[in-house]
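Trainee: with the sequence up front, the predicted model follows.
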Amino acid sequence: MNHNLETYRLSEPHIELCSLLKIVGPFASGGEAKRVITEGLVQVDGVIETRKKCKIKVGQTVTFDELEIKVSAT
């Protein structure tokens, strides 16, 4: 498996899951990001997350397909 690891530097207290995927992920629109979340294809810290506006904070890891996003502080 070819794993793509990205780091997102968070300067706010949190970012919504759909916004993070739109910024870092392979999605052309927020609608695409929201669709994969509601379909149960996204994990936060290894657990399936279906809440589009779930608050992602520093230290968490978001996974979709072969993309892994580690959220760190600025």
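Mentor: That came through fine. Just so it is clear, the structure is predicted and the values come from calculations on it, not from any experiment.

Trainee: what comes up buried for the helix or strand containing residue 63?
Mentor: Residue 63 is located in strand 61-64, with elements delineated by DSSP states H and E. By neighbour count on 16 or more other C-beta atoms under 10 Å, the buried set for strand 61-64 is 62-64. Every residue, glycine included, has its C-beta placed from N, CA and C.

Trainee: so what does the very next helix or strand once past it touch, helix or strand wise?
Mentor: Next in sequence after strand 61-64, counting helices and strands by DSSP H and E, comes strand 67-73. Counting contacts by 3 or more C-beta pairs under 8 Å, 6 or more residues apart in numbering; DSSP states H and E, strand 67-73 packs against strand 4-10, helix 17-24, strand 61-64.

Trainee: any idea how far residue 31 lies from residue 67?
Mentor: For residue 31, the distance to residue 67 equals 18 Å [C-beta to C-beta, to the nearest Å].

Trainee: reformat the buried residues of strand 61-64 as TSV; add pLDDT and distance to residue 6.
Mentor: Converted to TSV, the buried residues of strand 61-64 look like this (pLDDT from 0 to 100; distance: C-beta to C-beta, whole Å):
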residue	pLDDT	distance to residue 6
62	97	9
63	96	11
64	95	11
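
Trainee: alright, that wraps it up for me.
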